[in-house]
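J.: just coords:
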């Protein structure tokens, strides 16, 4: 396991920077997952330093990209705090508030953090919140899905507030065993609204309808589920999983290319200093070790990227197949009439199969 060493530096006037220490190379017999951990730690440390350098030179977009990639490899809260600092500079206040909220919460849980660090984090968090609107959503039911303007934000209990642009927003709290609770709120910049969603359990279902012909067998359970169509939660979960795995594949591809560039740079330097034969000597230059590590990391990340894309494709195909085979029969007839309430008046919506 790698170790975290904290040191203080001046970035946006409040962030404590993190430095990682890890072995420069793996020993023979090291387990594959340990080799991957070391390689990912090395890349996270490199990306972190690139982000610090870019931030110091006011290259905010490059700093954000570096910190975002470092966070994907190492979820330590300091990476999240640096990312929030870069987003503040870019005017991405909603993103900054989201990352700084978790940064402040996780730093408070770390007993090694200092009061000064926590105060600086709180100040940056307050700066971001002053530019956006804050929604604190609570419910009497755990595991309820929380939507804001139709977008899933998480399930209750939410660990942090939600952040939105100033204006009107619709909050929906849904659970399969409870009636949905919807609320429309209006909140300005720097404002906060607390929404306590008191969900009521759905009434017990009505008795089943009497069949027209008592000699007919009841529909099979599988046919009934097929008629209802695919479960939305499974479709959403499959799509989200495929997307996440694909993003991981992109990150691994970027890291593999970065290591390939490092390896080529080390080869060039070795050629200028006497050739690659120097690496065969008993006391090989340090650059030989760096070249070996870069080549090994490149292959590790290339393999990780390949299998990530394979996994993403497999999940995506499985999700599509499930959605197709679970659709209701074509000859099913259903009509739904829904009341519509909008800012310009009232009406009804009709949809279904004909």
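T.: Yep, that arrived. Everything quoted here is computed from the prediction, not taken from an experiment.
J.: tell me which element residue 182 falls in.
T.: Per DSSP states H and E: residue 182 is located in strand 178-187.
J.: that strand: which residues count as buried?
T.: With burial defined by 16 or more other CB atoms under 10 Å, the residues of strand 178-187 counted as buried are 178, 181, 185, 187. Every C-beta, even on glycine, is put in place using the N, C-alpha and C of the backbone.
J.: mind checking what helix or strand follows that strand in sequence?
T.: Along the chain past strand 178-187, the next helix or strand (assigned with DSSP H and E) turns out to be strand 192-197.
J.: what residues of that next one count as buried?
T.: 193, 195, 197.
J.: related to what we said a few turns ago, who touches the strand holding residue 182?
T.: Contacts made with strand 178-187 from outside it, assessed by CB atoms under 8 Å, 6 or more residues apart in numbering, are listed as 133-135, 139, 141, 144, 164, 166-174, 193, 195, 197-202.
J.: give me the buried entries from those.
T.: 133-135, 139, 141, 144, 164, 169, 171-174, 193, 195, 197, 199.
J.: widest-spaced pair of the residues you listed?
T.: The widest separation within the buried ones among the contacts of strand 178-187, taken as CB to CB, falls between 133 and 141 and amounts to 24.6 Å.
J.: which residues in the stretch 1-150 of the chain form strands?
T.: 3-8, 16-21, 133-139, 145-148 (DSSP state E, counting those that start in this stretch).
J.: report the rounded mean pLDDT for the shortest one.
T.: Taken as a whole, strand 145-148 has a mean pLDDT of 96.
J.: who does it pair up with?
T.: Looking at strand 145-148 with DSSP bridges, its paired strands and their directions are strand 151-155 (antiparallel), strand 167-175 (antiparallel).
J.: turn those strands into CSV, columns for distance to residue 264 and mean pLDDT.
T.: Putting these into CSV (distance: least, CB to CB, whole Å; pLDDT from 0 to 100) gives the following:
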stretch, distance to residue 264, mean pLDDT
strand 151-155, 43, 95
strand 167-175, 50, 96
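J.: possible to save these as a markdown table with distance to residue 112?
T.: Formatted as a markdown table, the strands paired with strand 145-148 follow (distance: least, CB to CB, whole Å):
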| stretch | distance to residue 112 |
| --- | --- |
| strand 151-155 | 28 |
| strand 167-175 | 37 |
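J.: which among those is found nearest to residue 108?
T.: Taking CB to CB as the criterion, strand 151-155 is the member of the strands paired with strand 145-148 that comes nearest to residue 108, at 19.9 Å.
J.: in that closest one, which residues are buried?
T.: By neighbour count, with 16+ other CB under 10 Å as the criterion, the buried positions of strand 151-155 are 153, 155.
J.: and residue 71, what is it in contact with?
T.: Shown here is residue 71, whose contacts under the criterion CB under 8 Å, 6+ apart are 79-80, 83.
J.: rerun at 10 Å
T.: Counting by CB atoms under 10 Å, 6 or more residues apart in numbering, residue 71 touches 44, 47-48, 51, 77-83, 99.
J.: ok, now how distant is it from residue 53?
T.: Note on residue 71: its distance to residue 53, by CB to CB, to the nearest Å, is 17 Å.
J.: what of residue 203?
T.: From residue 203 over to residue 53 (counting by CB to CB), the distance is 62 Å.
J.: compare those two and say which one has the larger neighbour count.
T.: residue 53 (13 against 7; other CB atoms under 10 Å).
J.: pretty sure the more buried one contacts residue 67?
T.: No: counting by CB atoms under 10 Å, residue 53 sits too far from residue 67 to count as a contact (11.6 Å).
J.: now residue 249: closest residue in space that isn't a chain neighbour?
T.: With CB to CB, 6 or more residues apart in numbering as the criterion, residue 249 has its nearest non-adjacent residue at 3.3 Å, and that residue is residue 308.
J.: who's in contact with the one you found?
T.: When contacts are counted by CB under 10 Å, 6+ apart, residue 308 is found next to 244-253.
J.: which helix or which strand is home to it?
T.: Taking DSSP H and E as the definition, residue 308 sits inside helix 286-325.
J.: quick one: mean pLDDT over that helix.
T.: Per-residue confidence for helix 286-325 averages out to 71 on the pLDDT scale.
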